[in-house]
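*Asks:* with the sequence up front, the predicted model follows.
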Amino acid sequence: MENKGITSREDDYSKWYNEIVLRAGLADYSPVKGCMVIKPYGFGIWERMKEQLDKMFKETGHVNAYFPLFIPKSFLSREADHVEGFAKECAVVTHHRLMNNPDGEGVVVDPSAKLEEELIVRPTSETIIWNTYRDWINSYRDLPLLINQWANVVRWEMRTRMFLRTAEFLWQEGHTAHATKNEAIDESRMILDLYAKFAEEWMAMPVIKGIKTANERFAGADETFTIEALMQDGKALQSGTSHFLGQNFAKAFDVTFLNENQKRDHVWATSWGVSTRLMGGLIMTHSDDQGLIIPPRLAPLQVVIVPVPKPNEVINTFVNGIMEELKARGIRVKYDMDKKKRPGFKYNQYELQGVPVRLAIGKRDLENNQVEIARRDTKEKYNQPTEGLTDHIEQLLVDIQNSLFERAKAYRDEHITPVDTFDEFKEVLESKSGFISAHWDGTTETELKIKELTKATIRCIPLDAPEEEGKCILTGQPSGKRVLFAKAY
RNA sequence: CGGGGUGUAGCGCAGCUCGGUUAGCGCGUCUGGUUUGGGACCAGAAGGCCGCAGGUUCGAAUCCUGCCACCCCGACCA
């Protein structure tokens, strides 16, 4: 019995999460603290996310490019807020050579190879990109400039967690330049919608679109838009952000253009990103105590076929027919022909790995011209006639995708609790957790005070928050709308 | 950086309090056989700088000192 099951969410949520990541084969720890090895299965999911997002970026007029990993240290200090936001967590390259240790074993840093100017490993690329854009942008004809890059970045976090917060992570960062303020704002809003659409339609992860408070805003932005998701333990996950950068970086890096009226002006900017953190969100949105659950659209493997009790000529022939039909529909399917492992073992393994649909095929099924279908999300199991099987499975995958979203949305909606007093606020946070919708007086001071008292932060001011007269739960000052609080990852 | 925990076979652990043969168990792996509709069983085998360094001792996984790493909880953050 021991070693087989995984820790339940109720027993220890963090442990459950780590075990899913490790045992489903998504990632491994690395020798360096805070770094992780993303294994083929985990990377397969990320690749699917990447593929879809990339397509959506291209469809909206963006192109990919690549900017360097190393950034001159001085670049970071050009924008005051930006430097303050990131300085604390930058990895710095100081030397460019190692040498044999003159005093013994191993290698040491060669002191004579000290760099003239130290380099930082990008925590994000605004600075190097805007330094480059200065040369690329001269006139309104060069605008808008719509560039994305897929890259790794490094932020030296004190405390790390697989996928959710690692020292190095993979992401995409879009950086755009526009002639007008409104155009830049529209861009950042459009990307926010794109992210929300992706999260909901592909990850089956419901999100709330909103605006960050000044306190939670990206360092260097005038406005930060966010999509916020709710995890099964009641904590919120900032899942993607899109920033309207105003003219801050244009001014810091002197990026100007000649407008149609022959006047020189600073360009307007946006930046936006989602990262491998989404993998963490995916896991914590859907998975259960049996393991991972992956929505069909992102699953590297959508259907697995298990021969019962083991492969043989008759079953193989039968399965090959099914495989061909499924593949012809673009369904990602695998036939597990391992003779050593018994069906029960395989069932558990694929459940752990979150494969959406499992077909089991044995003698009984061949005789009755049927297959046994098990769906991962509901654990439902039933026999299905071979006739029309491909159509059935295709539809089933769609149903699973939808049902995962609906389930997550129902959970999320149940966990948005409106409160009107601070006592209620604390009570809900303690007993129920999740998002708390409450009035706030709009000051950073109050926000920080509430954080200090409860650990909850303002996740966002929802874009669709209705105008509503109310009083701040802490200070009693007037407030025009409710904001969402939560404890966050 | 504070608090807690853990480092022993590929993985999970016991042994350590109270030093003493050849360091054990489960899972996995390999061999052979019997099995086979939800993690099979039997027999055999391989696999270890007991985290690192020093010390105490006739003798250290075990005691002492120092160090390192990782995990969890905080502070900080996407």
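*Replies:* On my side now, so go ahead.
*Asks:* lowest-confidence helix or strand of chain A?
*Replies:* Least confident helix or strand, chain A: strand A:107-109 with a mean of 78, by mean pLDDT, DSSP states H and E.
*Asks:* and the contacts of that one?
*Replies:* A:His95, A:Arg97, A:Leu98, A:Met99, A:Asn100, A:Asn101, A:Pro102 (Cβ atoms under 8 Å, 6 or more residues apart in numbering). Backbone N, C-alpha and C define where each C-beta goes, glycine included.
*Asks:* try 7 Å
*Replies:* A:His95, A:Leu98, A:Met99, A:Asn100, A:Asn101 (Cβ atoms under 7 Å, 6 or more residues apart in numbering).
*Asks:* for A:Met36, state which of those residues is nearest.
*Replies:* A:Leu98 (24.9 Å; Cβ to Cβ).
*Asks:* ok, and the closest non-adjacent residue to the closest one?
*Replies:* Of all residues not flanking A:Leu98 in the chain, A:Val107 sits nearest, at 4.4 Å (Cβ to Cβ, 6 or more residues apart in numbering).
*Asks:* and for A:Lys432?
*Replies:* Computed as Cβ to Cβ, 6+ apart, the closest residue to A:Lys432 that is not its neighbour in sequence is A:Thr417, at 6.3 Å.
*Asks:* name the SS class of that neighbour, please.
*Replies:* Under DSSP: H, G, I helix; E, B strand; the rest coil, A:Thr417 falls in the strand class.
*Asks:* ok, longest helix in chain A?
*Replies:* In chain A, taking DSSP state H as the definition, the longest helix is helix A:389-414.
*Asks:* return the set of buried residues in that one.
*Replies:* A:389-390, A:393-394, A:396-397, A:400-401, A:404-405, A:407-409, A:411-412 (16 or more other Cβ atoms under 10 Å).
*Asks:* filter those down to the ones near RNA strand B?
*Replies:* Taking Cβ under 7 Å from any atom of the strand as the test, RNA strand B is in contact with none of the buried residues of helix A:389-414.
*Asks:* nearest to RNA strand B among these?
*Replies:* A:Leu389 (14.1 Å; Cβ to the nearest atom of the strand).
*Asks:* and A:Ala184, that one's in a helix?
*Replies:* Yes: assigned with three-state DSSP, A:Ala184 falls within a helix.
*Asks:* where's it relative to A:Ile458, distance?
*Replies:* A:Ala184 sits at a distance of 24 Å from A:Ile458 (criterion: Cβ to Cβ, to the nearest Å).
*Asks:* could you do A:Ile45 as well?
*Replies:* Per Cβ to Cβ, A:Ile45 is found 31 Å from A:Ile458.
*Asks:* returning to that earlier point: so what's the residue count around the residue nearest to A:Leu98?
*Replies:* By other Cβ atoms under 10 Å, 10 other residues sit near A:Val107.
*Asks:* list the residues that contact A:Met203.
*Replies:* The neighbourhood of A:Met203, defined by Cβ under 7 Å, 6+ apart, consists of A:Leu278, A:Leu282, A:Pro295, A:Leu298.
*Asks:* where do the strands sit along the stretch 351-489 of chain A?
*Replies:* Chain-ordered strands for the stretch 351-489 of chain A, with DSSP state E, counting those that start in this stretch as the definition, fall at A:357-362, A:370-375, A:381-385, A:416-418, A:435-439, A:457-462, A:470-471, A:478-479, A:482-486.
*Asks:* which bits of the stretch 351-489 of chain A sit near RNA strand B?
*Replies:* For the stretch 351-489 of chain A, the contact set with RNA strand B under Cβ under 7 Å from any atom of the strand comprises A:351-352, A:360-366, A:372, A:374, A:379, A:381, A:455, A:488-489.
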